[in-house]
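*Asks:* Build the 3D model from these lines:
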Amino acid sequence: MTCSRNRVFPWLVAALLVSAAAPAVAGEPQGPPSAQDLYVSAQKLFDQGHFAEALVGFRHAYNASGSPNARIMIGNCLVALGRTAEAYEEMSATLREATKRAETEPKYVPTRDAAAKHVALLESKVGKLVVEIADPAGVEVTVNGSRVPPEKFGVAFAVDPGTVVVAATRADGRVARQEQTVEAGASERVSLVFPDVGPKKIEPTGPVRVEGPKPPGGDELRTGGAVRTAGFVVAGIGVAGMAIFGVTGLMARSRFATLEEECHATRCTDLKYADVVDSGMALTTAANTSLAIGAAGIVGGGLMILFGGPSFARPAARSAPSGTSIVAPQSPVVGAGFTMSPGGAGVHCTVAF
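*Replies:* Model prediction:
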């Protein structure tokens with residue numbers, strides 16, 4: 001009995017180990033699918049009419065194998081999806097690769113011939129575009145929003161017929177853009193020119209002082225001059241006052257000349273002359289008032305113009321030779337008046353320095 005138990009125990013342990021190891025082996029992750037598996041899966045999707053999904057599968061298969069057979073199927077998917085220009089480019093690339101591989105691998109001869117037929121059929125359905133750029137380094141080009149690889153600059157590539165928008169952007173932000181109509185079976189050329197970079201505009205960061213030409217004698221332009229400007233206004237009012245003085249004075253003199261003539265140089269007591277006397281006196285008052293305003297305006301405005309901020313600063317005073325005395329000028333004092341009476345009229349003016 002003991003001997004029998006010893007024979008059975010090792011077999012039991014072995015059976016348990018095998019049963020324990022089996023799930024672990026079954027659960028081990030599988031390696032990545034082979035290029036053949038990817039191709040077969042994509043072919044099934046293509047046969048079922050799932051062209052977009054098949055396109056992704058054939059791209060994976062081509063990346064894994066580099067086989068022209070996978071690439072020609074990429075072109076077939078693009079044809080089925082109506083992406084004619086892309087299909088033409090893929091078929092052309094397949095033709096080049098299959099032609100080279102067929103020289104040493106005869107199995108790619110059928111692929112080469114099939115790609116040549118597809119290229120011939122698509123030739124009349126696409127347009128060709130050549131994009132030319134001076135100094136293309138660092139330039140990004142798009143056609144209808146799709147990026148164009150740098151290796152295609154200056155080389156004809158297929159585009160869908162119609163109006164295409166070609167845009168190029170430099171690293172410094174300059175953009176060149178052009179629209180071009182390309183007909184099926186025709187070839188067009190687009191030369192993009194970037195705008196020149198102008199001088200950089202420097203924005204002022206503080207107050208700006210505008211300087212004009214300097215006047216003779218080295219004087220510098222002085223800013224401001226508001227008082228001087230007001231002086232011209234005051235002087236203008238003074239001139240207007242003097243003009244009014246002249247008119248009203250003449251009118252008053254005419255009134256009193258009438259009285260003098262009709263009253264024979266005596267005081268008029270007849271009431272019929274009361275209106276003439278009143279109007280004469282009123283004109284006399286107006287004349288004196290306008291004379292005062294005019295004189296004050298001319299004198300005051302002149303002083304404001306003279307001392308209130310000239311357009312140009314005066315040069316520094318030079319030292320006087322020894323033995324020479326300098327007397328500063330004083331402002332003049334002006335007085336004026338207008339008097340009228342039945343016996344006559346007069347204007348008096350006094351000026352003191």
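*Asks:* Quick one: mean pLDDT for stretch 108-119?
*Replies:* Per-region confidence: stretch 108-119 scores 96 on mean pLDDT.
*Asks:* List the buried residues for it?
*Replies:* Tyr108, Thr111, Arg112, Ala114, Ala115, Ala116, His118, Val119 (16 or more other C-beta atoms under 10 Å). All C-beta spots, glycine's among them, are computed from the backbone N, C-alpha and C.
*Asks:* quick one: contacts for the fifth one?
*Replies:* Contacts for Ala115 were tallied using C-beta atoms under 8 Å, 6 or more residues apart in numbering; they are Pro68, Ile72, Gly75, Met91, Ser92, Thr94, Leu95, Ala98.
*Asks:* So Ile305, which state does it fall into?
*Replies:* With DSSP: H, G, I helix; E, B strand; the rest coil as the basis, Ile305 sits in helix.
*Asks:* From what I see, it and Ala230 are in contact.
*Replies:* No - counting by C-beta atoms under 8 Å, Ala230 is not a contact partner of Ile305; they are 9.2 Å apart.
*Asks:* Between the two, which has more neighbouring residues?
*Replies:* Ile305 (19 against 16; other C-beta atoms under 10 Å).
*Asks:* Which element, helix or strand, includes Ala120?
*Replies:* helix 109-123 (DSSP states H and E).
*Asks:* Let me fix that, I meant to ask about Gly246.
*Replies:* helix 226-262.
*Asks:* How about Leu129?
*Replies:* strand 127-133.
*Asks:* what's next to that strand, contact-wise?
*Replies:* By C-beta under 8 Å, 6+ apart, the list of residues contacting strand 127-133 reads 139, 141, 143, 148, 152-161, 164, 166, 168, 176, 180, 182-192.
*Asks:* Strands - which of those land there?
*Replies:* The strands, defined by DSSP state E, take in 141, 143, 148, 157-159, 164, 166, 168, 176, 180, 182, 187-192 from the contacts of strand 127-133.
*Asks:* ok, of those residues, which come out buried?
*Replies:* Looks like the ones in strands among the contacts of strand 127-133 have 141, 143, 148, 157-159, 164, 166, 168, 176, 180, 182, 188, 190, 192 buried, using 16+ other C-beta under 10 Å.
*Asks:* any weak-confidence spans in this structure?
*Replies:* Filtered on pLDDT under 70, the chain yields the residue ranges 1-30, 197-225, 231, 255, 259-260, 262, 264-274, 276-277, 301, 308-353.
*Asks:* Residue ranges of each domain in it, please.
*Replies:* 34-124, 126-197, 217-312+332-352 (automatic domain parsing).
*Asks:* Deepest in the core, which of those is it.
*Replies:* domain 34-124 (a mean of 18; mean count of other C-beta atoms under 10 Å).
*Asks:* still on that earlier bit, which of the buried ones among the ones in strands among the contacts of strand 127-133 sit farthest apart?
*Replies:* Using C-beta to C-beta, the pair of those lying farthest apart is Ala158 and Ala176, separated by 22.1 Å.
*Asks:* and His134, what is it in contact with?
*Replies:* Just so we're on the same page, residue 134 is Ala rather than His. Counting by C-beta under 8 Å, 6+ apart, Ala134 has contacts Val193.
*Asks:* Backbone dihedrals for it, please?
*Replies:* phi -80, psi 130 (degrees, to the nearest 10).
*Asks:* which non-adjacent residue is nearest Ala184?
*Replies:* Spatially, and ignoring its direct neighbours in sequence, Ala184 is nearest to Pro161 (4.2 Å; C-beta to C-beta, 6 or more residues apart in numbering).
*Asks:* ok, the one you found touching Val126?
*Replies:* Yes - counting by C-beta under 8 Å, Pro161 touches Val126, with 7.0 Å between them.
*Asks:* Give the residues shared as contacts by the two.
*Replies:* Listed as contacting both Pro161 and Val126 by C-beta under 8 Å, 6+ apart are Ala184.
*Asks:* Distance-wise, check Glu261 relative to Ser279.
*Replies:* Going from Glu261 to Ser279 by C-beta to C-beta, to the nearest Å gives 16 Å.
*Asks:* meant to ask about Asp37, not that
*Replies:* 126 Å.
*Asks:* Also Val190?
*Replies:* In terms of C-beta to C-beta, Val190 sits 92 Å off from Ser279.
*Asks:* can you check Phe245 too?
*Replies:* On the measure of C-beta to C-beta, Phe245 and Ser279 end up 17 Å apart.
*Asks:* and if you look at Val193?
*Replies:* 86 Å.
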